[in-house]
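*Asks:* only geometry, no sequence info:
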């Protein structure tokens, strides 16, 4: 401002950092209130930004990890897609588990029904005393699992 008063060449030159001072932020309580508002993200639009882009709001908000909003949005959508994929897979596995459980229960119910009708088990629980038990035959070899 002093230069503008004494030089004709710099007439009309105004230093905005001197003129745009907040005249109300003089008391400690007002300064504290302003600081809290800035912490919440107020008073930091395009017109208030000074300094490099790393010192500005978007970088601070994103935790100094992403260099711009485009990169942040890409990462965010990728994470959301991954969560959705995991959810669909877990739902599919849950449906498969429920289906298997239901089939197991049906199988047990059929077995109980057969026993109730009087079908004889393949291996009798008590052997007749009068007839001698035949020698056990060797079981055929089991098939290998695939």
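*Replies:* Happy to help now that I have it. Quick caveat, the model's predicted, so the values are computed rather than measured. Numbering: from 1, shown residues only.
*Asks:* so residue 34 sits right up against residue 48, yeah?
*Replies:* No. If you go by C-beta atoms under 8 Å, residue 34 and residue 48 don't touch, sitting 11.8 Å apart. Bear in mind the C-beta positions are built from the backbone N, C-alpha and C, glycine included.
*Asks:* In terms of packing, which of those two has more residues around it?
*Replies:* residue 34 (15 against 12; other C-beta atoms under 10 Å).
*Asks:* does the more buried one sit in a helix or strand, and which one?
*Replies:* Secondary structure assigned from DSSP states H and E places residue 34 in helix 28-40.
*Asks:* repeat for residue 50
*Replies:* Going by DSSP H and E, residue 50 is not in any helix or strand.
*Asks:* Kindly state the pLDDT recorded for it?
*Replies:* Predicted confidence (pLDDT) at residue 50: the value is 73.
*Asks:* neighbours of it, just the number please.
*Replies:* Neighbourhood size, residue 50 [other C-beta under 10 Å]: 8.
*Asks:* what does residue 26 give?
*Replies:* Neighbourhood size, residue 26 [other C-beta under 10 Å]: 9.
*Asks:* likewise residue 38?
*Replies:* Other residues near residue 38 come to 13 when the count uses other C-beta under 10 Å.
*Asks:* Quick check: residue 95 vs residue 102, distance?
*Replies:* Spatial separation of residue 95 from residue 102 under the definition C-beta to C-beta, to the nearest Å is 11 Å.
*Asks:* Common neighbours of the two, please.
*Replies:* In terms of C-beta atoms under 8 Å, 6 or more residues apart in numbering, residue 95 and residue 102 are not both contacted by any residue.
*Asks:* hey, where'd the helices end up in the protein?
*Replies:* For the chain, the helices defined by DSSP state H occupy 2-6, 16-19, 28-40, 57-61, 69-117.
*Asks:* Single out the most deeply packed of those.
*Replies:* Of all the helices of the chain, helix 57-61 has the most neighbours on average by mean count of other C-beta atoms under 10 Å, namely a mean of 14.
*Asks:* average model confidence for it?
*Replies:* Helix 57-61 shows a mean pLDDT of 57.
*Asks:* now stretch 107-120
*Replies:* Here the mean pLDDT over stretch 107-120 is 88, rounded to a whole number.
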